[in-house]
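A.B. asks: quick one: sequence plus predicted model below, questions after.
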Amino acid sequence: MKTIPLNNIDTDDRRFCISYPLEDKTLAESIGEIGIVQPLILLDASPLIVITGFKRIMSAKKLGLANIPAIIKKARADEALLLSIHDNLGRGLNAVEKAHALEKMVSADFPRQKIFGIMELLSLKPHEKVLGNFVALANEGRPLKDFIVRHGASMKNIEYLLKFDARERKGIISLLSPLHITDSLLREILEMLILIRIRKGAVDLRGLRAPRDGRDLKARLKKKNYPLLSSMEKRLSAVKQRCALPPHIDIKIDPFFEKEYIDILLKIKSEDDLRAAMEKLNAILEDGYIRSILELTQG
């Protein structure tokens, strides 16, 4: 290990950088308090190039440090990139960092077998479609990346976000960023926006500004784009209320009333429970409630 003057390092060369974001307030405070504990790894070049330790060196620059501890290593570019990826595996990479790692491997013409091996280490399915989505994410701008990291978006939601064009994504991120939403609620909202895009050819976000929360936005999307849906939901709710179903029986239909069937769910612990459930279902069948619900699914 050596003590290296910061001026001897090309801090703008980020060919091996997969960290995102580089700003780390907690790390900067720690370095300001006790200095850099873990040395950086630098590629032997002139000037020296960072292989690992981008967050540490950015914090050091911000703090005005003149020197940093580092290990200088001779390596080919492909070896240095793999070293960077493996060195970061232990801390757990976010989705954007995984995307950066895979995109850099693709750009460096690593064989697919090697890339798929890294994908497995990153807990990703080694598949071309998955790889394509991560490469696309790596090439996106900061607003999308920041949104994904901040919300801890799942791979499914990342895939959904990439289905929109740049203008639509910008509007969606602007609309969703102020909201505290769970990943499952985000998925519901994005699925609804995708359906709107399919049906109308574009996502029109006018009139959807400043929702109170994610559920409010979800309700507005239904009301704005599916004016009949709210009415049908009210009718369904009224019919189910008249049915007076016990807790162990439920009737579910497609959220958008597009599937011409219903699901009847039973929770039973004994034969007597089943007999009672069948008697109740037979009663609401005779009273015409099942027919009313089926009519809703058929428009």
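C.D. replies: Perfect, thanks for sending it.
A.B. asks: give me the below-cutoff pLDDT ranges for the chain.
C.D. replies: Of all residues in the chain, those with pLDDT under 70 make up the ranges 207, 209, 224-227, 256, 299.
A.B. asks: apply 90 and report the result again.
C.D. replies: 1, 89-92, 175, 177-180, 188, 191-192, 194-237, 252-261, 294-299 (pLDDT under 90).
A.B. asks: can you give me the strands for the protein?
C.D. replies: 2-5, 9-10, 40-43, 48-52, 67-73, 249-252, 263-266 (DSSP state E).
A.B. asks: list the buried ones in the fifth one?
C.D. replies: Right, strand 67-73. For strand 67-73, a neighbour-count test (16 or more other Cβ atoms under 10 Å) marks 68-70, 72 as buried. C-betas here are computed from N, CA, C, even on glycine.
A.B. asks: list the neighbouring strands of it plus their orientation.
C.D. replies: strand 2-5 (antiparallel), strand 40-43 (parallel) (DSSP bridges).
A.B. asks: OK, contacts around Lys125?
C.D. replies: The contact partners of Lys125, taken as Cβ atoms under 8 Å, 6 or more residues apart in numbering, are Met119.
A.B. asks: could you shift the numbering so residue one becomes 51, and keep it that way?
C.D. replies: With 51 as the first residue, the last one maps to Lys175.
A.B. asks: ok, which stretches of the protein are helices?
C.D. replies: 75-84, 104-113, 127-139, 145-157, 162-171, 178-188, 192-201, 205-211, 216-226, 233-250, 264-275, 277-293, 321-336, 339-347 (DSSP state H).
A.B. asks: would you format those helices as a markdown table with distance to Asn58 included?
C.D. replies: As requested, the helices of the chain are exported to a markdown table (distance: least, Cβ to Cβ, whole Å):
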| stretch | distance to Asn58 |
| --- | --- |
| helix 75-84 | 19 |
| helix 104-113 | 12 |
| helix 127-139 | 17 |
| helix 145-157 | 24 |
| helix 162-171 | 31 |
| helix 178-188 | 29 |
| helix 192-201 | 29 |
| helix 205-211 | 38 |
| helix 216-226 | 39 |
| helix 233-250 | 44 |
| helix 264-275 | 49 |
| helix 277-293 | 64 |
| helix 321-336 | 77 |
| helix 339-347 | 71 |
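A.B. asks: deepest of those, which one?
C.D. replies: Among these, ranked by average contacts under mean count of other Cβ atoms under 10 Å, first place goes to helix 145-157 (a mean of 22).
A.B. asks: what's it packed up against?
C.D. replies: Packing contacts for helix 145-157, counted by 3 or more Cβ pairs under 8 Å, 6 or more residues apart in numbering; DSSP states H and E, involve helix 127-139, helix 162-171, helix 178-188, helix 192-201.
A.B. asks: change it to 6 Å
C.D. replies: helix 178-188, helix 192-201 (3 or more Cβ pairs under 6 Å, 6 or more residues apart in numbering; DSSP states H and E).
A.B. asks: out of those, flag the one nearest Leu152.
C.D. replies: helix 178-188 (4.8 Å; Cβ to Cβ).
A.B. asks: now the angle between helix 145-157 and the closest one, please.
C.D. replies: For helix 178-188 against helix 145-157, the angle by axes from the mean of the first three to the mean of the last three Cα atoms, to 10 degrees is 110 degrees.
A.B. asks: so which of the helices of the chain comes closest to Arg64?
C.D. replies: That would be helix 104-113 among the helices of the chain, by Cβ to Cβ, at 6.8 Å.
A.B. asks: neighbouring contacts of the closest one?
C.D. replies: For helix 104-113, contacts defined as Cβ atoms under 6 Å, 6 or more residues apart in numbering pick out 61, 67, 69, 72, 74, 77-78, 81-82, 86, 90, 100, 118.
A.B. asks: 10 Å instead, please
C.D. replies: 54, 56, 59, 61, 64, 66-82, 85-90, 92, 100, 103, 115-120, 134, 138 (Cβ atoms under 10 Å, 6 or more residues apart in numbering).
A.B. asks: gap between that helix and the chain center?
C.D. replies: Relative to the centre of its chain, helix 104-113 is centred 28 Å away, using Cα atoms, centre = their mean, to the nearest Å.
A.B. asks: and the most centrally placed residue in the chain, how far is that from Ala327?
C.D. replies: For the chain, the residue nearest the mean C-alpha position is Ala203 (2.1 Å; Cα atoms, centre = their mean). The gap separating Ala203 from Ala327 is 40 Å, by Cβ to Cβ, to the nearest Å.
A.B. asks: no more questions from me, cheers.
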